[in-house]
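J.: Turn this into a structure:
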Amino acid sequence: MNIEATVFRLLRDSMGKPDRKLVLSDRLIKDLQIDCDDLIFAYIIPLMQQLDIDIPDPEWLEIYTVGDIIYLLKKYKKIQEEARKRADTDWKNKSPVRWVTGRLDLNKPVLTKGLIFYPRYCFITYPEHENFYDTYNQRIDELIDREGIPDWSPLKRIPERAIALEILTKTGQNLSNFTHSSIVEKNLIKSVLNKWESGQPVIWSRLPDKAILLLGGNVSEKVGRIDVLDTEHMAWLASLEFLRKHCPTMPWDVQAN
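T.: Next comes the predicted model:
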């Protein structure tokens, strides 16, 4: 049985009858081999976008009527419009985020999962929340596809590995001489230092034009590391690790001796 054709027929036959129950009988659901909610969200709502019917919004009901579906469609359409508008505004203000579910790992840099923008945790209580966040993320992806990854994105502000080494080699200072610019920055650095399970940073350097702070040191005899901190948004952006066998002389070797 063709699901789309069946749903379209049900909707067509019910046009202009907001109080009529959609005939989503157990037998029909069984014949379609699809969950009722999946039928509503995956098929009925998209098909409703093809129908231009002006039906008053009813109160939400557990049993779906044609009016319920129209209401749901209008509600979700408004949510999507708001999400896209918010994404466009955030992009214009150079402050988009990536909405994510689940817990963020505070023991790792924020962009460890290949993110372009800062993740922000979203707590989903109702389906419309998920719809907003998904639409927002989709709109940001559209802007990235159209305009590319902007230079102001957190990802683009992370210096390349060779450049990070060069900066610390030329301008690196001993960490004992470091002076934080604010209490918030002090707390950020303290938090990052606590993530070093072994070894510790030895030198630091700032990139004022990018609001970036670099901390460099050895995490072991074989591995060196540079932490990249965003001092504008006060976030631990990334960790760059280097095998000592490939980089026998590191910028912090002189400072450590």
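J.: Low-confidence stretches in the stretch 51-200 of the chain?
T.: 51-74, 127 (pLDDT under 70).
J.: How is the protein divided into domains?
T.: Here the domain parsing of the chain from automatic domain parsing is 3-74, 80-147, 161-256.
J.: Now the terminal residues of the shortest one, how far apart.
T.: To tie it back to what came earlier, the one meant is domain 80-147. 21 Å (Cα to Cα, to the nearest Å).
J.: Repeat that for stretch 200-214.
T.: End-to-end span of stretch 200-214 (Cα to Cα): 13 Å.
J.: what's M234 sitting at in phi/psi?
T.: phi 50, psi 60 (degrees, to the nearest 10).
J.: Give me the secondary structure label for S153.
T.: coil (DSSP: H, G, I helix; E, B strand; the rest coil).
J.: which residues touch stretch 152-169?
T.: 94, 110-111, 115-118, 149-150, 203, 205, 207, 210-212, 214, 216, 226, 228, 230, 233, 235, 237-238, 240, 242, 247, 250-252 (Cβ atoms under 8 Å, 6 or more residues apart in numbering). C-beta coordinates here come from the backbone N, C-alpha and C atoms, glycine included.
J.: Next step: those restricted to strands.
T.: 203, 205, 207, 212, 214, 216, 226, 228, 230, 235, 237-238, 240, 242 (DSSP state E).
J.: least confident pick among these?
T.: Lowest pLDDT within these is found at L207 (88).
J.: Surely that residue touches L214?
T.: Yes - assessed by Cβ atoms under 8 Å, L207 is found in contact with L214 at 7.3 Å.
J.: Past the helix or strand hosting N131, which element shows up next along the chain?
T.: N131 belongs to helix 127-147 when assigned by DSSP states H and E. Scanning forward in sequence from helix 127-147 by DSSP H and E, the next helix or strand is helix 161-171.
J.: Each with direction, which strands does the following helix or strand past that following helix pair with?
T.: Using DSSP H and E, the next helix or strand after helix 161-171 towards the C-terminus is strand 173-174. The strands beside strand 173-174 in its sheet (DSSP bridges) come out as strand 200-207 (antiparallel).
J.: Which positions in the strand it pairs with come out as buried?
T.: Residues 201-207 are the ones in strand 200-207 that count as buried (16 or more other Cβ atoms under 10 Å).
J.: Equivalent analysis for stretch 236-249, please.
T.: 236-240, 242.
J.: Closest to D134 out of those?
T.: Using Cβ to Cβ, L237 comes nearest to D134 of these, at 25.4 Å.
J.: returning to that earlier point: make CSV out of the buried residues of strand 200-207 and add distance to K78.
T.: Listed next are these as CSV, based on distance: Cβ to Cβ, whole Å:
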residue, distance to K78
P201, 49
V202, 55
I203, 53
W204, 49
S205, 49
R206, 45
L207, 43
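J.: out of these, who's nearest I79?
T.: L207 (39.6 Å).
J.: What's opposite the closest one in the beta bridge?
T.: In beta-bridge terms (that is, DSSP bridges), L207 pairs with I212.
J.: where's it relative to K190, distance?
T.: Separation of L207 from K190 (Cβ to Cβ, to the nearest Å) stands at 21 Å.
J.: Next: H233.
T.: Taking Cβ to Cβ, one finds H233 at 17 Å from K190.
J.: Mind checking which of the two has more residues around it?
T.: Using other Cβ atoms under 10 Å as the criterion, H233 and K190 rank with H233 on top: 14 against 10.
J.: Apart from its chain neighbours, what residue comes closest to the more buried one?
T.: The shortest distance from H233 to any non-neighbouring residue, by Cβ to Cβ, 6 or more residues apart in numbering, is to Y118 (6.7 Å).
J.: Who are the contact partners of the one you found?
T.: Counting by Cβ under 8 Å, 6+ apart, Y118 touches 97-98, 110-111, 154, 233, 235.
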